[in-house]
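Novice: fold the following, please.
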Amino acid sequence: MKGDYRMTKYQKAYDALVNKGYELTSKQISARFGIANPRDVVYSLRNNGFNIVRETVETRNGTTTKYRYVSSKKKR
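Specialist: Okay, the predicted model is just below:
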């Protein structure tokens with residue numbers, strides 16, 4: 001059936017991180033996509049060749065970890 005395509009949770013996370021370039025925390029990945037273990041999705045993306053980096057960010061309440069995609073052209 002045309003038009004009945006639904007993205008999986010993994011595909012939604014991939015789209016947000018790789019295609020749209022969002023920076024997301026584990027909590028945001030869980031809340032937005034209903035993923036119980038965000039680290040597993042990040043691990044799978046990395047194993048499929050995507051350069052997902054983890055950054056520790058200082059916040060008012062301590063620290064948090066953000067994930068983002070870095071294309072091979074822009075490695076810092």
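Novice: now do the strands in the protein.
Specialist: Assigned by DSSP state E, the chain shows strands spanning 24-25, 52-59, 62-69.
Novice: can I get these in a markdown table with distance to residue 40?
Specialist: All C-beta atoms are positioned from the backbone trio N, CA, C, and that covers glycine. Formatted as a markdown table, the strands of the chain follow (distance: least, C-beta to C-beta, whole Å):
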| stretch | distance to residue 40 |
| --- | --- |
| strand 24-25 | 14 |
| strand 52-59 | 12 |
| strand 62-69 | 12 |
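Novice: could you say which of those strands is packed most deeply?
Specialist: Highest mean neighbour count of the strands of the chain: strand 24-25, a mean of 18 (counted as mean count of other C-beta atoms under 10 Å).
Novice: who touches stretch 59-68?
Specialist: Contacting residues not belonging to stretch 59-68 are listed as 17, 21-27, 29, 38, 42, 52-57 [C-beta atoms under 8 Å, 6 or more residues apart in numbering].
Novice: recalculate using a threshold of 7 Å.
Specialist: 17, 23, 24, 25, 26, 42, 52, 53, 54, 55, 56, 57 (C-beta atoms under 7 Å, 6 or more residues apart in numbering).
Novice: contacting residues for the last one?
Specialist: This points to residue 57. Residue 57 sits next to 63, 64, 66 when contact means C-beta under 7 Å, 6+ apart.
Novice: mind putting those into CSV with pLDDT and distance to residue 10?
Specialist: Listed next are those as CSV, based on pLDDT from 0 to 100; distance: C-beta to C-beta, whole Å:
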residue, pLDDT, distance to residue 10
63, 92, 27
64, 91, 22
66, 95, 19
